[in-house]
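Enquirer: Below is the sequence, then the predicted model.
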Amino acid sequence: MPDMERWPTGRLLSTAARLVEHAWNERLVSIGLTHAGVIALGVLDSQGPMTQARLAQLVRVQAQTMGKTLARLETHGHVSRVRNDLDKRSHMVTITEQGKEALHEAQNIERTLLDGGDLLSEALRSQLRKVISELGSPRWQVAVDVPGLPVPPESGLVMLPESAETTETAEAAEAQADSR
């Protein structure tokens with residue numbers, strides 16, 4: 001094992017994050033999930049059905065990235081996607097009962113990932129929330145207007161206008177991702 005006593009905090013944090021994600025994914029594969037899939041299922045479970053674009057926005061990934069995650073989840077029966085009645089170009093995504101069971105199992109895997117459950121210690125969780133809040137806040141204060149997705153005024157997000165060309169490209173990408 002390398003001499004970690006001399007590592008800068010950033011290296012410790014990024015190495016720990018990668019190792020936790022690899023260990024978690026190795027265990028999740030048995031239930032047909034990935035780390036990204038667990039995050040998507042958690043949002044769907046807590047907030048209910050929504051469009052792929054809205055889910056991607058909440059998880060802070062591109063719609064195309066979410067499309068790939070949802071395709072895997074759908075293959076394993078964890079989500080269902082149906083054409084959106086309000087906008088035929090998009091799909092509504094819903095967690096299935098099988099998806100809820102897989103999410104519960106994934107949460108159990110997380111609890112037992114390290115001996116003693118150290119990943120769930122409130123001290124560690126508190127420190128991680130602080131790092132994410134301080135470093136993520138400036139990055140997450142800017143939002144791109146996604147057509148059809150309202151951004152509440154109380155969110156404090158600064159909206160960057162999109163050009164007509166960018167909007168058309170984004171809509172085409174969303175329609176293509178939804179058709180998969």
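Expert: Received the coordinates, thanks.
Enquirer: Measure how buried Ala71 is and give me the count.
Expert: For Ala71, the count of nearby residues is 13 (other CB atoms under 10 Å). The C-beta positions use only the backbone N, C-alpha and C, and glycine is treated the same way.
Enquirer: got the end-to-end distance for stretch 80-88?
Expert: One end of stretch 80-88 to the other measures 16 Å (CA to CA, to the nearest Å).
Enquirer: separation between Val82 and His91?
Expert: Going from Val82 to His91 by CB to CB, to the nearest Å gives 6 Å.
Enquirer: These two - which one has more neighbours?
Expert: The neighbour count for Val82 versus His91, taken as other CB under 10 Å, is higher for His91 (23 against 10).
Enquirer: list the contacts for the more buried one?
Expert: His91 is in contact with Thr51, Gln52, Arg81, Val82, Arg83, Asn84, Asp178, counting by CB atoms under 8 Å, 6 or more residues apart in numbering.
Enquirer: Narrow those residues to those that are buried.
Expert: By neighbour count, with 16 or more other CB atoms under 10 Å, the contacts of His91 hold Thr51, Gln52, Arg81, Asn84, Asp178 as buried.
Enquirer: what's the host helix or strand of His104 packed up against?
Expert: Under DSSP states H and E, the secondary-structure element containing His104 is helix 97-111. On a contact count with 3 or more CB pairs under 8 Å, 6 or more residues apart in numbering; DSSP states H and E, helix 97-111 meets helix 9-28, helix 35-47.
Enquirer: Compare the ones you listed and say which comes out lowest on pLDDT.
Expert: The stretch with the lowest mean pLDDT among these is helix 9-28, at a mean of 90.
Enquirer: Give me the buried stretch members for that one, please.
Expert: Buried residues in helix 9-28, counting neighbours by 16+ other CB under 10 Å, are found at Trp24, Arg27, Leu28.
Enquirer: so who does the residue nearest the centre of the chain touch?
Expert: Residue closest to the average C-alpha location in the chain (CA atoms, centre = their mean): Val59, at 3.6 Å. By CB under 8 Å, 6+ apart, the contact list for Val59 reads Ala36, Ile39, Ala40, Val43, Met66.
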